[in-house]
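Enquirer: Coordinates only, no sequence provided:
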Ligand code: AMP
């Protein structure tokens, strides 16, 4: 059975084609600059890369080109789309409607459209991707896999905010959490690495990339997570502020005479480690600036980021009453040994001990803690596409 996984952004589309017999990636690629000048599709089959430059005005054309690439007689991997059994789509926001992946029906699509107001930047391109696939491959089942679904298990006391309950009822203002597919995947892998059943474990998963979130996973389900109503809450990120005193927002609006749009853009695009360091939103640049240029603000941004992650780990250790493992994943979590070390230093009270030699690991699954560490520290590369393919397979097999 072959499953096509699609992850649509507003001007980009990532795809992977899986053979589910051995969970092997047959081909993958990326369409960039959809609707803009200079649109391009980069298609990869094994180590071979093909670049196709074309006019790609919309997601429908992007999907058509993806299909053309994977069925191309020279660099494709399929004879026709008849070999594809189903398409799995990443959907950012399922609101309170979905606690798991679902077959896309008209009713599901209506719900996705209703949830646009909760994720105005993300859900519309996700829906465009679904509609384009439905148009081009009408006979294929389409499955939606939600970033929010894994966190629907949070108890009410973890997801409500300290505002009048009426606003939760009226506007659905509550914590939803994101990166759920990633947190779920790495928690499952951690259980395999611990050689213990997931439903008997307490795990703190740290997805540290351009966006970053921390999740407390108890017995295989999310019980709390750092991102909230939107992906702006939680630890400071590449360009997002993360947690701050809400009064700062009104204060800045008044001082800078910003309207709602300017303030929203400021908090999402100009803050985080970019705003603090003044160097970049990319952690590699900031680490370089701190080490090579001895840039104090770059160092401050790294210190502040590590401190924020450590505080969440500490609070989730309290939520879980201890932890069997802490997992690091995503670009920074998988690759930066210095950031892992910085975050984990001073967590010996909860039995965390990193082995500096093992911690040089980059981008591969590894236990980087000492043999006697009570709380293990794992590096686990995330694989959201595989999770989407698995869920799609389970629903459609
Ligand atoms: P992601 O959003 O998961 O793609 O992660 C992107 C972030 O990971 C960027 O801020 C990168 O700078 C960071 N990153 C990737 N590789 C490294 C590395 N080797 N060292 C430090 N940060 C890295």
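Expert: Now that the structure is in, tell me what you want to look at. Here the structure is a predicted model, which is why all the values come from computation and not from measurement. Numbers count the residues shown, from 1 in each chain.
Enquirer: Surely residue 326 is within a strand?
Expert: Yes: the assignment for residue 326 (DSSP: H, G, I helix; E, B strand; the rest coil) places it in a strand.
Enquirer: Kindly state the pLDDT recorded for it?
Expert: For residue 326, the pLDDT comes out at 98.
Enquirer: hey, what's it bridged with?
Expert: Residues in a beta bridge with residue 326, per DSSP bridges, are residue 204, residue 377.
Enquirer: Test my guess that it contacts residue 376.
Expert: Yes: if you go by Cβ atoms under 8 Å, residue 326 and residue 376 touch, sitting 7.4 Å apart. For glycine as for every other residue, the C-beta is placed from the backbone atoms N, C-alpha and C.
Enquirer: Out of those two, name the residue with the larger neighbour count.
Expert: residue 326 (29 against 21; other Cβ atoms under 10 Å).
Enquirer: the strands in the protein, which residues?
Expert: 2-8, 13-19, 24-32, 40-45, 48-53, 84-91, 102-103, 142-146, 202-208, 212-218, 221-225, 325-329, 366-367, 376-379 (DSSP state E).
Enquirer: Same list (those strands) but as CSV, adding distance to the ligand.
Expert: Output for the strands of the chain, formatted as CSV (distance: least, Cβ to the nearest ligand atom, whole Å):
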stretch, distance to the ligand
strand 2-8, 13
strand 13-19, 12
strand 24-32, 13
strand 40-45, 16
strand 48-53, 19
strand 84-91, 14
strand 102-103, 26
strand 142-146, 18
strand 202-208, 7
strand 212-218, 8
strand 221-225, 17
strand 325-329, 8
strand 366-367, 15
strand 376-379, 12
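Enquirer: List, one by one, the residues from the stretch 101-250 of the chain near the ligand.
Expert: Contact residues (Cβ under 6 Å from any ligand atom) of the stretch 101-250 of the chain with the ligand: 209-210, 238.
Enquirer: just those residues now: which is nearest residue 35?
Expert: Within those, the smallest distance to residue 35 is 21.9 Å, found for residue 210 (Cβ to Cβ).
Enquirer: Just send the residues of the stretch 101-250 of the chain next to the ligand back as CSV, with neighbour count and pLDDT too.
Expert: As requested, these are exported to CSV (neighbours: other Cβ atoms under 10 Å; pLDDT from 0 to 100):
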residue, neighbour count, pLDDT
209, 19, 95
210, 16, 91
238, 22, 95
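Enquirer: Just name the closest of the residues you listed to the ligand, please.
Expert: residue 209 (2.5 Å; Cβ to the nearest ligand atom).
Enquirer: quick one: contacts for the closest one?
Expert: For residue 209, the contact set (Cβ atoms under 8 Å, 6 or more residues apart in numbering) comprises 330-333.
Enquirer: What distance do you get for the residue lying closest to residue 270 once chain neighbours are set aside to residue 279?
Expert: Setting aside the residues directly before and after it, residue 270 is nearest to residue 239 in space (Cβ to Cβ, 6 or more residues apart in numbering), at 6.5 Å. Plainly put, residue 239 is 12 Å away from residue 279 if you go by Cβ to Cβ, to the nearest Å.
Enquirer: before we move on, what about residue 23?
Expert: 39 Å.
Enquirer: Looking at those two now, which is surrounded by more residues?
Expert: Neighbours were counted for residue 23 and for residue 279 using other Cβ under 10 Å; residue 279 has more, 19 against 13.
Enquirer: okay, the nearest residue to the more buried one once chain neighbours are set aside: pLDDT?
Expert: Excluding the flanking residues, the one nearest residue 279 by Cβ to Cβ, 6+ apart is residue 289, at 4.7 Å. pLDDT, residue 289: 98.
Enquirer: Residue 289 contacts residue 296, correct?
Expert: No: using Cβ under 8 Å, residue 289 is not in contact with residue 296; the gap is 9.7 Å.
Enquirer: who's more crowded, those two?
Expert: The residue with more neighbours, out of residue 289 and residue 296, is residue 289; 21 against 11, by other Cβ under 10 Å.
Enquirer: can you list the domain ranges for the protein.
Expert: 2-146, 196-379 (automatic domain parsing).
Enquirer: what's the span of the first one, first residue to last?
Expert: Domain 2-146 has its terminal residues 21 Å apart, counting by Cα to Cα, to the nearest Å.
Enquirer: circling back: any chance of the strands of the chain in TSV, with distance to residue 165 too?
Expert: Shown next, in TSV, are the strands of the chain (distance: least, Cβ to Cβ, whole Å):
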stretch	distance to residue 165
strand 2-8	35
strand 13-19	39
strand 24-32	43
strand 40-45	48
strand 48-53	53
strand 84-91	28
strand 102-103	28
strand 142-146	25
strand 202-208	29
strand 212-218	24
strand 221-225	19
strand 325-329	34
strand 366-367	44
strand 376-379	39
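Enquirer: So which of those strands is nearest residue 168?
Expert: Of all those, strand 221-225 comes closest under Cβ to Cβ, at 16.9 Å.
Enquirer: Point out the other elements, helices or strands, that that closest one touches.
Expert: Applying 3 or more Cβ pairs under 8 Å, 6 or more residues apart in numbering; DSSP states H and E, one finds that strand 221-225 contacts helix 180-194, strand 212-218, helix 296-320.
Enquirer: how about 7 Å then?
Expert: Other elements packing on strand 221-225 under the criterion 3 or more Cβ pairs under 7 Å, 6 or more residues apart in numbering; DSSP states H and E are strand 212-218, helix 296-320.
Enquirer: Reformat these as CSV; add mean pLDDT.
Expert: Formatted as CSV, the helices and strands packed on strand 221-225 follow (pLDDT from 0 to 100):
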stretch, mean pLDDT
strand 212-218, 98
helix 296-320, 98
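Enquirer: Rebuild the domains of the chain as JSON lines, extending it with distance to residue 189.
Expert: Shown next, in JSON lines, are the domains of the chain (distance: least, Cβ to Cβ, whole Å):
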{"stretch": "domain 2-146", "distance to residue 189": "13"}
{"stretch": "domain 196-379", "distance to residue 189": "7"}
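Enquirer: nearest to residue 393, of these?
Expert: domain 2-146 (4.8 Å).
Enquirer: Can you check the pLDDT for the spatially most central residue of the chain?
Expert: The chain has residue 179 as the residue nearest its centroid, 3.5 Å off, counting by Cα atoms, centre = their mean. pLDDT, residue 179: 96.
Enquirer: cool, residue 362 as well?
Expert: Value for residue 362, per-residue pLDDT: 87.
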